[in-house]
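The following comprises the amino acid sequence and a computationally predicted model.
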Amino acid sequence: MAAAPIIDIADLVFGWKRNEVTLDIPALSVESGSRVFVQGPSGSGKSTLLNLLGGIIVPRAGRIRVLDEDLGALPAAARDRFRADHVGFIFQQFNLVPYLDVVDNVLLPLRFSAARRARLDGDARDVARRLLADLGLSTADVDTRRTHELSVGQQQRVAAARALLGAPELVIADEPTSSLDVKHREAFLALLEAECARSGATLVFVSHDPALAPMFDRVVDLVQINRAPGGGQVP
C-alpha cells in the first residue's frame, strides 16, 4: 500500500474577505520526501497557500491535511504546536532576531518544540554549527559576527539552518532567493535540497521565477490549479 501523501488538499476555499475568494483548489497532494516548486505571479496566492500549509490560517471550506492531520479541525493553539514540531519555515525576509547571535538564531525553534529537541542527534549547538557549516558558513562567520553584519546570502543560510534544525518533516520556503543573483541562488538551492534529502524532509518552495523550476522534482503552477476568479491574481 502506498504511503499517505504528506500534504493532501481537497476542495479548499479561502478568502481574506467575506465576499472574495483568493484560493479555490479542488485537489493537491504532495508525496513525502519530494521537492516541489510552486510558481505563480505576484498576487496569485502563493504566500496564502504556504500560510494554510503551516496552519497559520485555516480554509473557509474544504480540507487540508498535513502529515495526516486535518489542520482546519484543530484549534489555534494545537496548530501552533503542530507547526513548531513539524514545519520549518524559511521566510522571504528571513526574520532573524537581531539581538541573538548566529547560533542562537538557529536554535530558536527548540524553544518552542520539545519534539524537535528530541530529534537532535547530539548537542544542540554542535548540530546547529554543523548545519551552518554544511550550508557554507565558516566558523569565523558564526563566532565573530552578529546576524545584521552578515551578507544577504549568509543571512539566508542562517534562516535555512533554523528551518532545518530538529528535522521537521516539511520545509516551506517563501521566495527566499528573490534578492540573490543567479549564481548564489542556484548554489543556495543546491545546499537546501541536499540538507532536505539528508533529513528526509519534504520541500515546498514558492517563487515567481520559473527559471528555478528545473531544480525540483515537480512543478505546481498555482494559476492552473486555482479556480478562484482571476486565478487569485490582483487586477
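Looks like it arrived, so ask away. Computed from a predicted model, the values in this text were never measured in an experiment. Residues are numbered from 1 along each chain as shown.

From P229, how far out is F91?
Going from F91 to P229 by Cβ to Cβ, to the nearest Å gives 28 Å. All C-beta atoms are positioned from the backbone trio N, CA, C, and that covers glycine.

Neighbour count for the two, which is higher?
Between F91 and P229, counted using other Cβ atoms under 10 Å, the more crowded position is F91 (17 against 11).

I'd assumed D174 was in contact with that one.
Yes - using Cβ atoms under 8 Å, F91 makes contact with D174 at a distance of 5.7 Å.

Please list all residues in contact with R117.
L110, A124, G166 (Cβ atoms under 8 Å, 6 or more residues apart in numbering).

what do you get if the cut-off is 7 Å, keeping everything else the same?
L110, G166 (Cβ atoms under 7 Å, 6 or more residues apart in numbering).

Is A160 within a helix or a strand, and which one?
Taking DSSP states H and E as the criterion, A160 maps to helix 152-164.

Go ahead and flag the most central residue of this protein.
With distances taken as Cα atoms, centre = their mean, the residue of the chain nearest its centroid is I172 (1.2 Å).

and that one, what does it touch?
Contacts of I172 by Cβ under 7 Å, 6+ apart are L50, L53, G54, V87, F89, V204.

Just the CA trace of the helix or strand of the chain with the lowest mean pLDDT, in PDB.
Lowest on mean pLDDT, DSSP states H and E among the helices and strands of the chain sits helix 139-144, with a mean of 81. C-alpha atoms of helix 139-144 as PDB (Å, rounded to 0.1, in the frame of the first residue of the first chain):
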ATOM      1  CA  THR A 139      33.400  29.200  11.900                       C
ATOM      2  CA  ALA A 140      34.600  32.800  11.700                       C
ATOM      3  CA  ASP A 141      31.200  34.000  10.400                       C
ATOM      4  CA  VAL A 142      29.400  32.100  13.100                       C
ATOM      5  CA  ASP A 143      31.600  33.100  16.000                       C
ATOM      6  CA  THR A 144      32.600  36.700  15.400                       C
END
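
List the contacts of that helix.
With Cβ under 7 Å, 6+ apart as the test, helix 139-144 has contacts from V102, V103, R129, L132, L150, Q154.

ok so, going back, strand partners (parallel or antiparallel) of the helix or strand harbouring the residue nearest to the centre of the chain?
Using DSSP H and E, I172 sits in strand 170-174. Strand 170-174 sits in its sheet next to strand 87-90 (parallel), strand 202-207 (parallel), going by DSSP bridges.

the longest helix in this structure is where?
Counting by DSSP state H, the longest helix found in the chain is helix 182-199.

That helix to strand 170-174, inter-axis angle?
Angle of helix 182-199 versus strand 170-174, following axes from the mean of the first three to the mean of the last three Cα atoms, to 10 degrees, is 170 degrees.
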